[in-house]
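**Q** Dropping the sequence and predicted coords here.
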Amino acid sequence: MSKIINLLCLDVGEKRIGVAVGDSAVRIAVPFETIEVDGGEITAIAELISREDTDILVIGYPRNQAGEATDQTRLIENFAARLEDIAPKMVFQDESLTSVMAEEQLKGYNRPYSKGDIDAQAAAIILQDYIEAQYA
């Protein structure tokens, strides 16, 4: 039996970072939490990586509708560079329209939700896409 790979996903925004978790055995991404972007986010992510025994850090990668890099793409690349020393392995996963999909899913639950809930749900969608591409 092969080792279970623990996955942590980040949907990085300017104000908040949505976080989702999953693994290669169950293969279901779960919204986990939201980290405020306040100067302590790198430390918070490092603690999460350690606490969740993360093998792979998946980061949502924004592109425009033509699939080209944008200003946001460069911000994410710069942010990811700050995580290189703390992430065991880091990969990018396309995040196109995940925030829109996340909000639609949350609306379907017919209960109140916050912007942070949208971010965490978007991270789960990104992670689920990665899981399906890698472990299906």
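**A** Received, thanks. Numbering: from 1, shown residues only.

**Q** what residue ranges in the protein are flagged as low confidence?
**A** For the chain, the stretches flagged by pLDDT under 70 are 1.

**Q** quick check: longest helix of it.
**A** Assignment by DSSP state H gives helix 115-135 as the longest helix of the chain.

**Q** Against which helices or strands is it packed?
**A** Using 3 or more Cβ pairs under 8 Å, 6 or more residues apart in numbering; DSSP states H and E as the contact criterion, the elements in contact with helix 115-135 are strand 6-12, strand 16-23, strand 30-36, strand 56-61, strand 90-94, helix 98-108. Just so you know, the C-beta spots here come from the backbone N, C-alpha and C atoms, and that holds for glycine as well.

**Q** now the ones you listed in JSON lines, with mean neighbour count and distance to Q72?
**A** Output for the helices and strands packed on helix 115-135, formatted as JSON lines (neighbours: other Cβ atoms under 10 Å; distance: least, Cβ to Cβ, whole Å):
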{"stretch": "strand 6-12", "mean neighbour count": "26", "distance to Q72": "9"}
{"stretch": "strand 16-23", "mean neighbour count": "24", "distance to Q72": "14"}
{"stretch": "strand 30-36", "mean neighbour count": "19", "distance to Q72": "18"}
{"stretch": "strand 56-61", "mean neighbour count": "23", "distance to Q72": "10"}
{"stretch": "strand 90-94", "mean neighbour count": "16", "distance to Q72": "13"}
{"stretch": "helix 98-108", "mean neighbour count": "16", "distance to Q72": "12"}
